[in-house]
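> Need coordinates for the below:
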Amino acid sequence: MTWPTEPKKLSIHSRVVEVLGRISDDGSFFYTPGQVQGKETHWKEKLSDYQLSAYFAGAEEAPIHYPGTVVRETFTIVVQGWIRSPDDELQNAISRALRDVRKALFDDMGEGSADCLGAFTLLLQLGPWQSSPGEGSMEGFGYFRQEFKFSISGDISSL
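Okay, the predicted model is just below:
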């Protein structure tokens, strides 16, 4: 008996977490996350001054089966972040961190290696985002949430 193929969705989620973990304020990015988690993070779980988490938000549409064996599916991964900054600079910090997350994921789409996001997915689109410099502000934190929509295709056993 052979083991089934790992679903592409899990490979993409793992890669998103890996890419977010490589963000570093080395000249290409503004901030280095203190922690990156592969699950939704409750506000009381903030363990560092800048923390990211990535999790599935659900399917955008039911998988579409085309003639033959090709199936296409679109799903959303949410990246949420908590960042600490002086009150008068929270919106600036949120905007910079949001830009870092977008840049890291879109850069990985075109990287060209066999395990980059571009190797797993047909299309990566920005979805809705939100931020709140007031959420967690008693502790000096701001919050942001960005949706990324991934479209993948393959046979049903690979999705």
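> Give me the sheet partners of the helix or strand of the chain with the lowest mean pLDDT and which way each runs.
Least confident helix or strand of the chain, by mean pLDDT, DSSP states H and E, is strand 64-65 with a mean of 78. Sheet pairing of strand 64-65 (DSSP bridges) gives strand 71-84 (antiparallel).
> residues touching Lys149, list them.
60, 74-76, 123-127 (Cβ atoms under 8 Å, 6 or more residues apart in numbering). Where C-beta positions appear, they are placed from N, C-alpha and C, glycine not excepted.
> tell me the mean pLDDT for the helix or strand harbouring it?
For Lys149, the host element (DSSP states H and E) is strand 141-154. Per-residue pLDDT values over strand 141-154 give a mean of 90.
> Check stretch 40-48 too.
78.
> now do the same end-to-end measure for that stretch.
Length of stretch 40-48, first residue to last, Cα to Cα, to the nearest Å: 15 Å.
> which intervals of the protein have sub-threshold pLDDT?
1, 3, 59-60, 87, 135-137, 157-159 (pLDDT under 70).
> where exactly do the strands run in it?
For the chain, strands defined by DSSP state E occupy the ranges 35-37, 50-59, 64-65, 71-84, 123-132, 141-154.
> residue nearest the centroid of the chain?
Val79 (4.1 Å; Cα atoms, centre = their mean).
> so it bridges to which residues?
According to DSSP bridges, beta-bridge pairing links Val79 with Ala54, Gln146.
> ok so, going back, report the two of the contacts of Lys149 separated the most.
Phe75 and Leu126 (14.5 Å; Cβ to Cβ).
> list the buried ones in the lengthiest helix in the chain?
Using DSSP state H, we find that the single longest helix of the chain is helix 90-109. By 16 or more other Cβ atoms under 10 Å, the buried positions in helix 90-109 come out as 90, 93-94, 96-98, 100-101, 104-105, 108-109.
> so can I have a markdown table of the residues you listed showing distance to Glu45?
Below are those laid out as a markdown table (distance: Cβ to Cβ, whole Å):
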| residue | distance to Glu45 |
| --- | --- |
| Leu90 | 19 |
| Ala93 | 19 |
| Ile94 | 18 |
| Arg96 | 22 |
| Ala97 | 17 |
| Leu98 | 20 |
| Asp100 | 21 |
| Val101 | 18 |
| Ala104 | 22 |
| Leu105 | 23 |
| Asp108 | 26 |
| Met109 | 29 |
